[in-house]
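Novice: Structure for this input, please:
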Amino acid sequence: MAQPRRKKVYDLGEFKLAGFAMENKMAGEQLAVQTRAALFSDNPWFHHCIRAFAQDVDAKLREQKAPVHLAQASNFAIVVDPDFTAKLHIDSLEVELEMVCKRSVEAGEAVFTNDIGDIRRGSIRKPKIRPDQHFIVCLRQGWKFLLIFDLTPEVPADLNDLERAIGMGMRRLMFEQLYEAIADEPLSAAMIAKGWFPFNELVGAEFEDLHRAIVHDFNLVGVEATLVGNFDEARLAYLTDRWWKDPHFAGRKDSLEEGVKLFAETRYLASIKTLMAEIEGILRDRHVPRGPGRQGMEKVLSIAFEEVLNTAGPGTMYFPEQFVTYLKDSIFAPFDPEQPATEVTRNTVVHGKAPAAAFTAARALQIILVLDQINRYLTIPG
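Specialist: A predicted model of the protein is given here:
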């Protein structure tokens, strides 16, 4: 027997929810009420807020003999009009995400997780929410949810803030492993110690494999070998074609092309020595003119990627602040020339102290990815 087609929009009638109490208070006492928030389902407060209004909504749905309740929904929006009547849109939201794509795409072409370099904003195309309305929006990604609400009485809804919250929320849900790796200080330190970082080019399946190998301390050599093999001449050409759009890279094209070519020829020692100096050169070309006096690398790095934060906003998948830490600890790590060296860094290479065994294929790829990360910072779309 065929099931009746489920409606997507339900009238909820009067809906005067103003927010959620943040503290216990007696009648007549002043009370702090949360009227706006963006919450993830791994936060206990998410479930408290959902339960606080779901019972009332489900009761209204039962009165209409509607064959749905909120716990079954993959997404929903409760849109409250100025007269405090509301509509429930369930499993019918059309969400659009503004992304930075790592490759060129044509209209209508499929975009996969591996193609995403960042997620900036999101918008709800349907239902269209107006500034004079208020809302509760819940979106699902995998087995987790994002809850965003703005119920502030007598204040227009901030739709720009809603778009930023959707972008931030979906970015973190879609790339949860990436953000966990950055937030886990021991893991992040272990990753940097092995020369790795969540390079934007690797975001997706490649970083997931790398993350898994480091977390479990298992088969990192095999994963690194696979990564090196993935960067064949075609991929390297695609990568470097983007570099020349920035004048600081274009001005060093001959050296950079030579270093990448040496990598493709498996001449890793020569590749690293050719490319390592270009990292510092590009950073100094780009940032030294900003301040008077001698500009040490510490000072250069302290201001190196301010534009990324200003343009992409906090929480961006480019991780500029963490990348500065990576550069300090992995590329420009302090070095005592009187002591034996074990790693390939700018200082050990310049002083001729880097051991030959450390000039590996993986380290050569890391240097290329460092340059690529810097290029993405310098060419980030506004």
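Novice: and residue 124, which of the three is it?
Specialist: strand (DSSP: H, G, I helix; E, B strand; the rest coil).
Novice: oh, and call the first residue 669 from now on, that's how I've got it
Specialist: Happy to do that; since the first residue is 669 now, the last one works out to residue 792.
Novice: quick one: the residue nearest to the spatial centre of the chain and residue 923, what's the gap?
Specialist: By CA atoms, centre = their mean, the chain has its centre lying nearest to residue 985, at 2.7 Å. Residue 985 is 29 Å from residue 923, where distance means CB to CB, to the nearest Å. Glycine gets a C-beta too; all of them are placed from N, C-alpha and C.
Novice: how near is residue 879 to residue 860?
Specialist: In this view, residue 879 and residue 860 are 13 Å apart by CB to CB.
Novice: for residue 850, that is, sorry about that
Specialist: Counting by CB to CB, the gap from residue 850 to residue 860 is 11 Å.
Novice: got it, and residue 925?
Specialist: 28 Å.
Novice: And residue 885, by the same measure?
Specialist: Separation of residue 885 from residue 860 (CB to CB): 15 Å.
Novice: again, but for residue 1013
Specialist: 12 Å.
Novice: Now the common contact residues for the two.
Specialist: The contact sets of residue 1013 and residue 860 overlap at residue 998 (CB atoms under 8 Å, 6 or more residues apart in numbering).
Novice: Neighbour count for those two, which is higher?
Specialist: Neighbours of residue 1013 and residue 860, each counted by other CB atoms under 10 Å, are more numerous for residue 1013; the result is 23 against 18.
Novice: Can you give me every residue that contacts that one?
Specialist: So residue 1013 contacts 998-1001, 1003, 1022 (CB under 8 Å, 6+ apart).
Novice: just for the stretch 669-818 of the chain, where's the confidence low?
Specialist: For the stretch 669-818 of the chain, applying pLDDT under 70 flags the ranges 669-675.
Novice: in it, which spans are strands?
Specialist: Using DSSP state E, counting those that start in this stretch, the strands of the stretch 669-818 of the chain run over residues 677-682, 688-689, 701-702, 704-708, 744-748, 753-758, 762-769, 784-794, 802-809, 812-818.
Novice: Pipe the ones you listed into a markdown table and attach distance to residue 836 and mean neighbour count per row.
Specialist: Below are those laid out as a markdown table (distance: least, CB to CB, whole Å; neighbours: other CB atoms under 10 Å):
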| stretch | distance to residue 836 | mean neighbour count |
| --- | --- | --- |
| strand 677-682 | 27 | 14 |
| strand 688-689 | 20 | 14 |
| strand 701-702 | 18 | 14 |
| strand 704-708 | 7 | 18 |
| strand 744-748 | 18 | 23 |
| strand 753-758 | 22 | 21 |
| strand 762-769 | 11 | 15 |
| strand 784-794 | 8 | 19 |
| strand 802-809 | 12 | 22 |
| strand 812-818 | 9 | 22 |
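Novice: do you know which of the ones you listed lies nearest residue 873?
Specialist: The closest of these to residue 873 is strand 784-794. By CB to CB, the value is 11.8 Å.
Novice: Quick check on the contacts of residue 1013: which are buried?
Specialist: Buried members of the contacts of residue 1013, scored by 16 or more other CB atoms under 10 Å, are 998-1000, 1003, 1022.
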